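> just need the structure, nothing else, for what follows:
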Amino acid sequence: MKIRSKFDIEGMTCSGCSSRLERKISGLRGMEKAEVNLLAKTMHVEYDEDVLGEGAIVEAVEAMGFSAARRTGQKTDVRTKYLTSGPTPDSGAGLRKMRSRLAVSFAFSIPLVYLAMAHMVGLPLPKVFHENFFVFSFTQILLVMPVAVVNWVYFTRGLKNLFDREPSMDSLVAIGAASAIAYSIYVMFAASIASASGMAGDIDPMSMDLYFESAAMILSLITLGKYLEERAKDHTSDAITKLIRLRPDTATVLRDGVEELVPVESIVPGDIVVIKPGQSIPVDGIIVEGRSTIDVSAITGESIPVDKQAGDHVWSATINQHGYFRFRAERVGDDTTLARIIALVEEASASKAPISRLADKLSAIFVPAVMLIAAATFVVWLLVGQDIGFALSMAITVLVISCPCALGLATPTAIMVGMGKGAQNGILFKSAEALEISHDVDTVVLDKTGTVTEGKPVVTDIIPLCDMDDNEFLTLAASLENMSEHPLSFAIKAEAEKSGLRLLPVEDFRALPGKGIEGTIQGKRYFAGGPILLRENGIDPTPLVESIQRLGMQGKIPFNFGGDGKVLGIIGVADTVKRGSHEAVADLKSMGLDVILLTGDNRFTAEGIRMAVGIDRVIPEMLPEGKSDVIKMLKAEGRKIVMIGDGINDAPALVAADIGVAIGAGTDIAIESADVVLMHSDLQDAVTALKLGKAVIRNIKENLFWALIYNTLGIPIAAGVFFAAFGLRLNPMIAAAAMSLSSISVVMNALRLNGFKREK
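Alright, predicted model coming up:
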């Protein structure tokens with residue numbers, strides 16, 4: 001049986017770690033899929049339980065030097081789970097430990113660098129260090145030892161990876177720092193031998209060949225870079241963390257007629273929850289008493305507060321603004337809309353876009369290549385006559401500056417920020433692949449009902465053609481339609497109720513299949529139906545013709561009324577276009593996308609909607625199963641298709657498209673059929689989703705470009721290619737600082753996505 005599980009992983013320091021772990025776990029017998037998320041420190045797996053067990057997975061992870069613990073999410077409250085296990089700066093023991101390492105590293109590295117280099121720049125130094133090489137060198141080794149010990153993880157993990165023939169960034173750091181220390185110790189022994197042999201004059205020049213300070217600063221700066229990188233990466237999930245913090249810890253529940261303040265985790269379905277002005281709503285439910293205005297922006301991205309009353313749904317993490325109400329808890333814990341959003345975003349962030357796999361492949365071959373380049377650098381400088389100290393310094397610089405952290409961070413940081421920003425605006429990408437594909441779409445196919453239009457017919461035109469005014473005519477029409485079961489007749493009755501009109505009693509009502517209805521009101525016979533019905537009852541429908549044609553061209557359905565031997569008038573009913581649909585279509589077209597409308601309506605109605613929103617092409621009279629055939633036909637033409645629908649009736653078409661977008665899914669998220677879920681029923685959010693996809697992929701490409709350019713330019717300079725011509729040479733300490741800054745710059749560039757604005 002196939003099992004899906006999630007593990008929390010500790011001990012990963014770079015993309016090389018996550019890539020190696022992913023390859024190792026993916027290769028286990030019975031493992032169908034494994035995806036490791038460096039930023040969230042998680043691993044999502046799918047495996048055959050009959051072949052592979054959870055214990056074997058944990059053992060495989062631990063064998064690589066990491067720790068793994070299965071995430072048991074279904075019984076844990078989402079707020080507690082996320083805020084305590086997420087990468088927040090103050091909650092991670094790993095980050096606190098890194099902060100301690102950093103403090104110790106610099107506490108010993110700074111005096112070490114001063115001791116090693118003060119005499120080179122004319123700074124004061126105690127005389128004993130000038131006169132005695134052994135005091136000078138032994139003091140340095142004493143200072144470098146604490147730095148090496150607190151950063152021992154680089155050596156243990158890096159050398160283990162090297163012996164396992166899967167070198168990582170830790171391997172580069174370990175070899176670089178160990179080489180500097182080992183060579184410096186060799187110099188100390190050489191000085192001791194020279195002193196014992198009476199060649200004291202050869203000792204002083206050897207002070208220039210000690211690289212203890214380089215080793216210490218490499219370890220310190222790499223740790224500083226990792227610390228700043230971790231702090232910066234925390235902000236990639238800020239949008240989700242802020243959303244979660246909106247949900248309170250406690251709530252007021254009505255039990256046995258008494259209000260009790262209880263932990264949110266103790267709320268069960270059926271509890272009556274009391275909400276007062278200014279309070280956050282703790283769980284999902286339905287209002288049973290009272291009314292209010294609620295800020296739902298955290299869930300749907302909708303900026304304008306929404307009025308709610310008895311019978312309406314409310315969602316956790318939304319904020320009550322003014323009124324007092326009570327609601328019945330329906331979904332609690334991991335079943336709430338908030339929890340489902342978090343689960344969806346976490347799963348999507350853990351997935352890999354195709355462009356991410358390219359970066360993983362580059363990282364996998366990059367480290368071995370760098371080690372070969374470093375070895376070649378060392379050998380070449382020896383062959384051209386440089387001393388071993390110079391050659392070693394060049395090789396160490398190549399190792400340190402080439403760490404592929406920036407390359408590995410380029411994609412996941414941008415994806416996580418993009419996912420979080422989307423969730424903050426009510427846009428949920430189901431996978432990173434959907435995010436990337438959204439960058440390439442060229443055709444947008446729109447469902448009509450509920451997507452472009454409201455999906456609720458309303459009266460649009462009241463046209464009396466007799467001596468009645470609008471209210472008199474509407475009263476008569478609504479009274480007659482009140483007896484009808486036609487689905488559109490409800491729009492006429494609703495219009496009368498909205499106008500406060502009192503309906504008249506109807507006698508001898510008859511429904512005439514295929515023709516219309518008739519009935520007697522205040523002793524007179526009235527009819528509602530097509531021209532044929534009116535003509536059969538002695539009423540000339542000619543006065544209606546012009547209005548029928550005009551309404552039909554506008555996509556409206558005409559209801560014709562007659563009685564007392566004459567035409568009374570016509571009422572137009574239509575599924576009205578949503579506010580903002582016209583602007584959204586214009587935005588899609590301005591992005592160079594071909595927009596097509598699919599609808600089951602007749603050609604006249606479809607043409608009316610097409611013209612109303614500015615779409616160039618409409619395909620009318622489509623059954624749900626026919627919509628997926630249209631998608632397949634368009635894909636056969638070589639198009640990249642995004643299908644936008646309600647996620648229920650349009651499920652086949654959503655699945656058939658390259659990207660399926662479920663719009664207005666609300667609390668009933670259509671994640672089975674859609675790749676992207678829009679919480680707010682606004683077509684403009686689809687525009688935002690596509691623009692966000694483009695922004696994320698553009699950001700990833702920027703990150704990859706700068707990471708590759710950095711390494712492409714940095715390695716030759718570090719290897720000393722320009723030394724002979726220009727005297728250009730990098731110190732290993734400078735290389736370590738540059739490597740750390742490159743990783744931080746990639747993360748900071750990804751954080752620019754936090755400035756992305758939702759389309760209004």
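> and the next helix or strand past the longest helix along the chain?
Looking across the chain with DSSP state H, the single longest helix is helix 684-719. Helices and strands here follow DSSP states H and E; after helix 684-719, the next one along the chain is helix 723-726.
> any chance you could list what contacts that following helix?
Arg729 (C-beta atoms under 8 Å, 6 or more residues apart in numbering). For every residue, glycine as well, the C-beta is placed using N, CA and C.
> list the buried residues for that helix?
The neighbour-count check on helix 723-726 (16 or more other C-beta atoms under 10 Å) flags Phe723 as buried.
> which non-adjacent residue is nearest Val506?
Gly519 (4.3 Å; C-beta to C-beta, 6 or more residues apart in numbering).
> ok, how many other residues are close to Leu28?
By other C-beta atoms under 10 Å, the residues close to Leu28 number 16.
> got it, and Ile341?
What Ile341 shows, counting by other C-beta under 10 Å, is a neighbour count of 26.
> again, but for Tyr324
14.
> state the pLDDT value of it.
Note for Tyr324: predicted pLDDT of 91.
> can you pull the contacts of it?
274-277, 290, 292.
> same question for Ala695.
Ala695 touches 418, 753, 756, counting by C-beta under 8 Å, 6+ apart.
> who wins on neighbours among those?
Counting neighbours by other C-beta under 10 Å, Gly418 leads the contacts of Ala695 with 29 neighbours.
> surely that residue and Leu753 touch.
Yes. Using C-beta atoms under 8 Å, Gly418 is in contact with Leu753, at 5.6 Å.
> next, show the common contact partners of those two.
In contact with both Gly418 and Leu753: 695-696, 699, using C-beta under 8 Å, 6+ apart.
> of those residues, which is the nearest to Met633?
Val696 (29.9 Å; C-beta to C-beta).
> so how many other residues sit close to that closest one?
Val696, neighbours per other C-beta under 10 Å, totals 29.
> quick one: it from Gly580, how far?
24 Å (C-beta to C-beta, to the nearest Å).
> would you map the strands across the stretch 451-600 of the chain?
Using DSSP state E, counting those that start in this stretch, the strands found in the stretch 451-600 of the chain span residues 453-464, 507-512, 516-521, 524-529, 557-563, 566-577, 594-598.
> I misspoke; the intended subject was the stretch 201-350 of the chain.
250-255, 258-263, 272-275, 284-290, 292-295, 306-308, 313-314, 319-320, 325-331.
> what about Leu730, which SS state?
Following DSSP: H, G, I helix; E, B strand; the rest coil, Leu730 is assigned to coil.
> residues contacting Pro716?
Here Pro716 is in contact with Phe722 (C-beta under 8 Å, 6+ apart).
> distance check, it against Arg340.
50 Å.
> could you do Gly418 as well?
Distance from Gly418 to Arg340, by C-beta to C-beta: 19 Å.
> equivalent analysis for Ala216, please.
Counting by C-beta to C-beta - Ala216 and Arg340 are separated by 49 Å.
> look at those two and report which has more neighbours.
Shown here are Ala216 and Arg340; by other C-beta under 10 Å, Ala216 has more neighbours (31 against 19).
> what distance do you get for the more buried one to Asn151?
9 Å.
> list residues touching both of the two?
Ser105.
> just to revisit the earlier point, in TSV: the strands of the stretch 201-350 of the chain, plus mean neighbour count.
Output for the strands of the stretch 201-350 of the chain, formatted as TSV (neighbours: other C-beta atoms under 10 Å):
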stretch	mean neighbour count
strand 250-255	17
strand 258-263	12
strand 272-275	21
strand 284-290	18
strand 292-295	19
strand 306-308	17
strand 313-314	20
strand 319-320	20
strand 325-331	19
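> would TSV of these with distance to Asn482 be doable?
Rendered in TSV, the data for the strands of the stretch 201-350 of the chain read as follows (distance: least, C-beta to C-beta, whole Å):
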stretch	distance to Asn482
strand 250-255	39
strand 258-263	44
strand 272-275	36
strand 284-290	29
strand 292-295	33
strand 306-308	27
strand 313-314	29
strand 319-320	37
strand 325-331	32
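> can you tell which of these is closest to Leu52?
Comparing these by C-beta to C-beta, strand 325-331 comes nearest, at 33.1 Å.
> quick one: the helices in the stretch 101-250 of the chain, in order.
127-131, 133-150, 152-163, 169-196, 212-234, 238-245 (DSSP state H, counting those that start in this stretch).
> just to revisit the earlier point, and which of the shared contacts of Gly418 and Leu753 is nearest to Lys2?
Closest to Lys2, out of all of the shared contacts of Gly418 and Leu753 and judged by C-beta to C-beta, is Val696, at 30.4 Å.
> pull the residues that contact stretch 729-748.
113, 176, 180, 211, 213-214, 217-218, 221-222, 224-226, 228-229, 232-233, 236, 393-394, 396-397, 400-403, 405-406, 409-410, 413, 703, 706-707, 710, 714, 717-718, 720, 723.
> relative to the whole chain's centre, how far out is that stretch?
28 Å (C-alpha atoms, centre = their mean, to the nearest Å).
> buried set for it?
Buried, per 16+ other C-beta under 10 Å, within stretch 729-748: 729-747.
> my guess is the residue nearest to Val506 meets Leu512, correct?
No. In this structure, Gly519 is not within contact of Leu512 by C-beta under 8 Å, at 10.9 Å.
> so which of these two has more stuff around it?
Counted by other C-beta under 10 Å, Gly519 and Leu512 do not tie: Gly519 has more neighbours, with 23 against 13.
> that one: what's it in contact with?
480, 483, 506-510, 525-526.
> let's see it at 10 Å
479-484, 505-511, 525-528, 563 (C-beta atoms under 10 Å, 6 or more residues apart in numbering).
> among those residues, which ones are buried?
Looks like those have 479-484, 506, 526-528, 563 buried, using 16+ other C-beta under 10 Å.
> one step back: quick check, nearest of the contacts of Tyr324 to Tyr47?
Once C-beta to C-beta is applied, the member of those that ends up nearest Tyr47 is Ile275, at 43.4 Å.
> and the nearest residue to that closest one once chain neighbours are set aside, how far is that from Glu289?
Spatial nearest neighbour of Ile275, chain neighbours left out: Asn320 (4.9 Å); criterion: C-beta to C-beta, 6+ apart. Distance of Asn320 to Glu289, given as C-beta to C-beta: 14 Å.
> do the same with Ala414
Counting by C-beta to C-beta, the gap from Ala414 to Glu289 is 46 Å.
> what segments of the stretch 551-700 of the chain are helices?
Using DSSP H, counting those that start in this stretch, the helices of the stretch 551-700 of the chain run over 581-590, 603-613, 624-636, 651-656, 684-719.
> list the buried ones in the longest one?
Of all the residues in helix 684-719, those buried under the rule 16+ other C-beta under 10 Å are 684-697, 699-700, 702-704, 706-708, 710-711, 714-715, 717-719.
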